[in-house]
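**Q** below are the sequence and a predicted model; questions follow.
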Amino acid sequence: MHLSAKADAAGLPPAGEGESMLRYMDFIRSRTTLTRVPLVPEIELYQATEMTELWRATAADLEKWDDSPFWAFPWAGGQALARHVLDHPELVAGLRVADFGTGSGLVAIAASKAGASRVVAFDVDPFCEAAVRLNTAHNGVTVEFQARSPLGTELAGIDVVLAGDVFYQRDMAERFLVWGRALAGRGIRVLAGDPGRLYSPQQGVKDRGSHDVPTSTAIEDRLLMKTWVLELLPE
Ligand SMILES: C[S@@+](CC[C@H](N)C(=O)[O-])C[C@H]1O[C@@H](n2cnc3c(N)ncnc32)[C@H](O)[C@@H]1O
């Protein structure tokens, strides 16, 4: 389903400024629970669990929705990458960082906590801006949100690109890899957190380590997923 149709299905107006954004934020606050991220307990996010109203709604009343609201869970790839950035702050400290496919904003929040001088979070899902606003405020950090895809753009003024769990869909994975390798060729460090999704890169990456990431059976088929942090190498 097209992402903008999610908003229609929920009876909400398109995301934007002012009242629409407040309604999105109310929607998230009322249907999620502030919960620590399992692998990154220093960060709390507004999350859906099997127990929340949101989960029942997506499973039943809102059956036209994707059954995995991307902004409502810390995905395994994002958890591993956020952990890696917090454990290795020298990767981002004092640098300008972009978080591609930010979802809840987890990786962007980790980069900000690790000392990045500027963090820009990109996502095409209309709910993500509201989720990022709520989650950044709760965690006491500042992140700029851009509601667009940066794929193929020059990304001026950015030193590091982070991407949590973006190899689940063929077209996006392929375009991200072409773009990311070109950025790496210009000296921009590109790191991805990946639990071995279907379209993960099989070559041209440096393995920076792995974590066993606790996940939820609400979105995965396992409770623990081995998840790698990969650095894209230039072509
Ligand atoms: C599986 S979620 C991962 C979210 C977060 N990084 C994490 O690990 O928890 C993937 C995210 O990528 C976003 N996305 C997909 N295609 C995109 C594009 N072309 N540009 C920006 N974001 C995109 C989706 O809307 C979704 O929020």
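**A** Happy to help now that I have it. From a predicted model like this one, the values you see are computed outputs, not experimental measurements. Residues are numbered from 1 along each chain as shown.

**Q** next SSE after the lowest-mean-pLDDT helix or strand in the chain?
**A** Per-element confidence for the chain was summarised using mean pLDDT, DSSP states H and E. The lowest value among helices and strands belongs to helix 3-9, with a mean of 44. Beyond helix 3-9 on the C-terminal side, the first helix or strand identified by DSSP states H and E is helix 19-31.

**Q** any weak-confidence spans in this protein?
**A** For the chain, applying pLDDT under 70 flags the ranges 1-19, 49-68.

**Q** for it, what's the longest helix?
**A** Looking across the chain with DSSP state H, the single longest helix is helix 170-185.

**Q** who are the packing partners of it?
**A** Taking 3 or more C-beta pairs under 8 Å, 6 or more residues apart in numbering; DSSP states H and E as contact, the helices and strands that helix 170-185 lies on are strand 160-164, strand 189-194, strand 224-232. For every residue, glycine as well, the C-beta is placed using N, CA and C.

**Q** relative to Thr227, how far out is Thr142?
**A** Here the criterion is C-beta to C-beta, to the nearest Å. By it, Thr142 lies 27 Å from Thr227.

**Q** between the two, who's got more neighbours?
**A** Summary of the neighbour comparison: Thr142 and Thr227, criterion other C-beta atoms under 10 Å, with Thr227 having more neighbours (28 against 10).

**Q** that one against Pro214, yeah?
**A** No - assessed by C-beta atoms under 8 Å, Thr227 is found out of contact with Pro214, at 10.4 Å.

**Q** any shared contact partners between these two?
**A** Gln79 (C-beta atoms under 8 Å, 6 or more residues apart in numbering).

**Q** which residues sit in contact with the closest residue to the ligand within the chain?
**A** Closest residue of the chain to the ligand, C-beta to the nearest ligand atom: Gly78 (2.1 Å). By C-beta under 8 Å, 6+ apart, the contact set of Gly78 is 103-104, 106-107, 164-165, 193.

**Q** tell me, which of these make contact with the ligand?
**A** For the ligand, the contacts drawn from those by C-beta under 6 Å from any ligand atom are 103-104, 106-107, 164-165.

**Q** what's the farthest-apart pair in these?
**A** Checking the ones next to the ligand among the contacts of Gly78 against each other with C-beta to C-beta, the farthest-apart pair comes out as Ser104 and Asp165, at 11.1 Å.

**Q** need the nearest residue in space to the spatially most central residue of the chain, chain neighbours excluded.
**A** Residue closest to the average C-alpha location in the chain (C-alpha atoms, centre = their mean): Thr102, at 3.0 Å. Computed as C-beta to C-beta, 6 or more residues apart in numbering, the closest residue to Thr102 that is not its neighbour in sequence is Ala121, at 3.7 Å.

**Q** what's the local residue count around the one you found?
**A** Burial of Ala121, expressed as a neighbour count using other C-beta under 10 Å, amounts to 29.
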